[in-house]
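1. coords please:
(chains A, B, C and D)
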2 protein chains.
Amino acid sequence: MKPDRDAVARRAGVSSATVSRVFNNPDSVSPERRSRVLAAARALGYRPNKYASALARSGSGQILFLDGNKLAAHDRPNAAFYASMYRQSLLAVLEVLQDSPYHLVIDGECSGVQGAEYEGIIVYDADTPEQIEALSAPGLPLVFGHHLRGLPGGRAWGYGVDNEAGGFLAARKLLDLGHRRIAYITGGLSEISSHRDRLRGFYSAMEQAPPDATPGLFPGNPGNQALPDPRKTQCSLLEVEVGPRGGRQAARDLRSRIQRGQITALGVVNDVTAFGLVQELLTLGIRIPRDVSVIAFDNLPILDLLPLRLATLDLCLAEVYRKAGQGLRDRIRRTVPGGSEPDGPGRGAADLIRPVYIPGDSLAPPASGGGRDE
Amino acid sequence: MKPDRDAVARRAGVSSATVSRVFNNPDSVSPERRSRVLAAARALGYRPNKYASALARSGSGQILFLDGNKLAAHDRPNAAFYASMYRQSLLAVLEVLQDSPYHLVIDGECSGVQGAEYEGIIVYDADTPEQIEALSAPGLPLVFGHHLRGLPGGRAWGYGVDNEAGGFLAARKLLDLGHRRIAYITGGLSEISSHRDRLRGFYSAMEQAPPDATPGLFPGNPGNQALPDPRKTQCSLLEVEVGPRGGRQAARDLRSRIQRGQITALGVVNDVTAFGLVQELLTLGIRIPRDVSVIAFDNLPILDLLPLRLATLDLCLAEVYRKAGQGLRDRIRRTVPGGSEPDGPGRGAADLIRPVYIPGDSLAPPASGGGRDE
DNA sequence: TTGTATGCGTTATCAG
DNA sequence: CTGATAACGCATACAA
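-> Numbers count the residues shown, from 1 in each chain, chains lettered A, B, ... in the order given. Down below sits the predicted model:
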């Protein structure tokens, strides 16, 4: 029924070992024969059998897609809203691994991480990379995805969202529209690195703001964080619980300042928080974007439940995880032969992908003509 | 490293073939030896290698998890809100298939359904079962999940949500609280069978309502559907576009009737629609549950974004898909040996699971003391 | 660079 | 009911 390696070999007039080499180590076979083999394979619709391959390699043939949420120290507060990201990421990895010799396995129990069950692990949204690196077998190629700056020094590799660039971009959008009285709403700064990164990026754009900018009206204090002094930036900072409830709280806290024109634009750490914020602002009779502009992060489906289209930044997780899949694939290859340390560009480091701006109806120039006047 | 079949055989003092039989056809080996083998296997932590197994069987060893949304005729309107269900279902199937000889493969391209790539298919949320049955190879065990009544007459099997029971349950909750002036909000009745089923169940509870019930105030007309005549039930019917926008529309349509006490409770076809409805009702100054009670279906995470907890029905998809996984597993077994028609209880039929009531703050007895007065 | 031969862990067939 | 033994489709050490 399905063509096997021997069929291809016969058709191409080579030995079956050569066919095998073409698929596993193409450089070790002469260009002329290689193309003959590839042609034959294509004609027959040949695709290597992953099972036989794994069996022959004495490998498991499995790559684990490990959900960091299952290992998280604390319960993720708004986890349920992020199922779409999970789906998106999973499908991206699957697409990449489609015609690799590996199967993607989704973690049922996290039990087998220790054992030699897998040939590599892709970690989805890990809370504490160190923990996972410690948990998994020493030789295992490990790829982290999602939000990451710096990774544990070891064998870990990562592909993630450039949250700092995202924060910068968000602030730039507001500044370019002419806003000068801006507040940033966030929370969980001590636990969640992505929140810190977004804030840092936001600040650094604000530091570049034109000199006519009005200083922050209520300088928040990120406290123990190694962040720029908000008094030097043009940005006010409001810390709340991250989530819809915190967003609603923020709306009540900012109400009078917005109504007096002391704040004309808001950056919000994520859509979930922005959701509550916008709900409550509208309830309080504050119009968006006329009275205040709002921009957030994540581009979640829940935005469709808001009466207006919120401007936000898409995290491009599909791209992140596509890269993660490819990266792992490459690293497995390099790990097998010599046992030599896998090199590649900057091991232990992370490739970051910049978020993309998604326009909405929540952004407009400040009402009172530019924000210079008192 | 990992124990193989021979290790188990040696330890149990039997041949390796016997070990194999214990795992594949337990009845064909004597009880005494069987228990010896099982003991040895447990002691060694032996688990059959799925790859070798598939290779030897000349099977693919793969079960396909096919996403019906990808084959849907029309774009699913509110699909993004249902990612959590996808995740939930997928994980349930994985759990069941954990120690079966099969791997779960998630559809990348739907390309291989024709080929003998898979040994079985689980179809997630299929729009048109007929289409999928036609598309897949004739011998393939096929299991459908999600919303289903009747299946194509052929080899298909299904496990789904008993939407009719859910509709009945929702109506009963309202009736038991004393409501007699009730409206049901739905849409897409001609395309979406689950919506019809919920309505049918809702109606049938209303037909049993006590004789003091006030007749429906604006008898809707489901038109071409084979549904009970709303004039005979105690229920008013409002058809809108399913989704947040339709929900908001419904709120505006019903506003005056609610304010005049002509309607005291609402059933809504799903949470997404209910979301818009509740948003708009609150905006219009209608209090929930004081002015009107609301109950919906699905128990989606988005309910956390509402300022009050909406009562709803959980679809228990985890259980549905756990059954689906087990069912498929059984069917594959029975299909292999004789080529005889797979029997099992009621082939071509569907096992339905009843939704479960999730309490909330959106339900209360009618304000004006029982609903009897004019 | 290429071909030959062996083994990967199971299942299934066939004698006993 | 049980035990040898031949596939299963492929990777790779080894020899050419």
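2. can you list contacts of stretch A:185-194?
-> Applying C-beta atoms under 8 Å, 6 or more residues apart in numbering or on different chains, the contact partners of stretch A:185-194 are A:74, A:147-149, A:161, A:163, A:195-196, A:198-199, A:222-225, A:237-242, A:246-247, A:250, A:266-269, A:273, A:277. All C-beta atoms are positioned from the backbone trio N, CA, C, and that covers glycine.
3. could you flag which of the residues you listed are buried?
-> A:147-149, A:161, A:163, A:195-196, A:198-199, A:222, A:237-240, A:242, A:246-247, A:250, A:266-269, A:273, A:277 (16 or more other C-beta atoms under 10 Å in any protein chain shown).
4. rewinding a little: okay, and which of the contacts of stretch A:185-194 map to strands?
-> A:147, A:161, A:237-239, A:266-268 (DSSP state E).
5. In chain A, which residue is most central in space?
-> In chain A, the centroid-proximal residue (C-alpha atoms, centre = their mean) is A:His146; its distance is 3.3 Å.
6. how close does the residue nearest to that one when sequence neighbours are not counted get to B:Met85?
-> Using C-beta to C-beta, 6 or more residues apart in numbering or on different chains and skipping the chain neighbours, the partner closest in space to A:His146 is A:Asp125 (4.2 Å). Distance, A:Asp125 to B:Met85, by C-beta to C-beta, to the nearest Å: 19 Å.
7. Pull the distance from the lowest-mean-pLDDT helix or strand in chain A to the chain's centre.
-> Lowest mean confidence among the helices and strands of chain A (mean pLDDT, DSSP states H and E): helix A:129-135, at a mean of 76. Counting by C-alpha atoms, centre = their mean, to the nearest Å, helix A:129-135 is centred 19 Å from the centre of its parent chain.
8. What is it packed up against?
-> strand A:120-124, strand A:142-147, strand A:156-161 (3 or more C-beta pairs under 8 Å, 6 or more residues apart in numbering or on different chains; DSSP states H and E).
9. Kindly reformat those as JSON lines containing mean pLDDT.
-> Below are the helices and strands packed on helix A:129-135 laid out as JSON lines (pLDDT from 0 to 100):
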{"stretch": "strand A:120-124", "mean pLDDT": "89"}
{"stretch": "strand A:142-147", "mean pLDDT": "85"}
{"stretch": "strand A:156-161", "mean pLDDT": "87"}
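10. Reformat these as JSON lines; add distance to DNA strand C.
-> Output for those, formatted as JSON lines (distance: least, C-beta to the nearest atom of the strand, whole Å):
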{"stretch": "strand A:120-124", "distance to DNA strand C": "19"}
{"stretch": "strand A:142-147", "distance to DNA strand C": "24"}
{"stretch": "strand A:156-161", "distance to DNA strand C": "29"}
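11. right, and those - which one's nearest B:Asp27?
-> Nearest to B:Asp27 among the helices and strands packed on helix A:129-135 is strand A:120-124 (38.9 Å), distances taken as C-beta to C-beta.
12. contact partners of that closest one?
-> Counting by C-beta under 8 Å, 6+ apart, A:63-69, A:86, A:89-90, A:93, A:102, A:113, A:129, A:132, A:136, A:140-146, A:321, A:324-325, A:328, A:331-332 sit against strand A:120-124.
13. returning to what we had before: make CSV out of the helices and strands packed on helix A:129-135 and add distance to A:Ile295.
-> Below are these laid out as CSV (distance: least, C-beta to C-beta, whole Å):
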stretch, distance to A:Ile295
strand A:120-124, 26
strand A:142-147, 19
strand A:156-161, 16
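14. A:Leu64: which element?
-> strand A:62-67 (DSSP states H and E).
15. err, A:Ala205, not the other one
-> Once you assign secondary structure using DSSP H and E, A:Ala205 falls within helix A:193-207.
16. sorry, back to before: for B:Tyr118, which of the helices and strands packed on helix A:129-135 is the nearest?
-> The nearest among the helices and strands packed on helix A:129-135, by C-beta to C-beta, is strand A:120-124 at 23.5 Å.
17. for that closest one, the distance to its chain's centre please.
-> With C-alpha atoms, centre = their mean, you get 14 Å for strand A:120-124.
18. Give the pairing partners of that strand; include direction for each.
-> When pairs are called by DSSP bridges, strand A:120-124 turns out to pair with strand A:62-67 (parallel), strand A:142-147 (parallel).
19. Next, the angle from that strand to strand A:156-161.
-> Relative orientation of strand A:120-124 and strand A:156-161, computed by axes from the mean of the first three to the mean of the last three C-alpha atoms, to 10 degrees: 30 degrees.
20. which ones are touching the closest residue to A:Gly178 other than its chain neighbours?
-> Counting by C-beta to C-beta, 6+ apart, A:Pro365 is the residue found nearest to A:Gly178 once chain neighbours are left out, at 4.7 Å. Contacts for A:Pro365 (C-beta under 8 Å, 6+ apart) come out as A:177-179.
21. Does A:Pro365 fall in a helix, a strand, or a coil region?
-> Classification of A:Pro365 by DSSP: H, G, I helix; E, B strand; the rest coil places it in coil.
22. Up against DNA strand D, what does the stretch 101-250 of chain A have?
-> A:Pro101 (C-beta under 7 Å from any atom of the strand).
23. show me where chain A has strands.
-> Going by DSSP E, chain A shows strands at A:62-67, A:103-106, A:120-124, A:142-147, A:156-161, A:182-186, A:235-239, A:265-268, A:293-298, A:311-314, A:350-353, A:356-358.
24. For A:Arg33, which of these is the nearest?
-> For the strands of chain A, the distance to A:Arg33 is smallest for strand A:103-106, at 29.5 Å, taking C-beta to C-beta.
25. and the closest one, which strands flank it?
-> strand A:62-67 (parallel).
26. Report the distance from the strand it pairs with to the chain centre.
-> 17 Å.
27. and it, does that touch DNA strand D?
-> No: on the criterion C-beta under 7 Å from any atom of the strand, strand A:62-67 is out of touch with DNA strand D, staying 14.9 Å away.
28. So that strand, near DNA strand C or not?
-> No: on the criterion C-beta under 7 Å from any atom of the strand, strand A:62-67 is out of touch with DNA strand C, staying 13.8 Å away.
29. what's in contact with that strand?
-> A:54, A:86, A:90, A:93, A:97, A:102-107, A:110, A:112-113, A:117-126, A:132, A:328.
30. So how do I select the buried members of these in ChimeraX?
-> To isolate the buried members of these in ChimeraX, using 16+ other C-beta under 10 Å:
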select /A:54,86,90,93,97,102,103,104,105,106,107,112,113,117,118,119,120,121,122,123,124,125,126,132,328
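31. so how far is chain B from A:Gly166?
-> 21 Å (C-beta to the nearest C-beta, to the nearest Å).
32. and stretch A:83-95, what's its mean pLDDT?
-> Per-residue pLDDT over stretch A:83-95 has a mean of 90.
33. now that stretch, how far from the chain's geometric center?
-> 11 Å.
34. Tell me how many other residues crowd A:Thr312.
-> Counted by other C-beta atoms under 10 Å in any protein chain shown, the residues lying close to A:Thr312 total 27.
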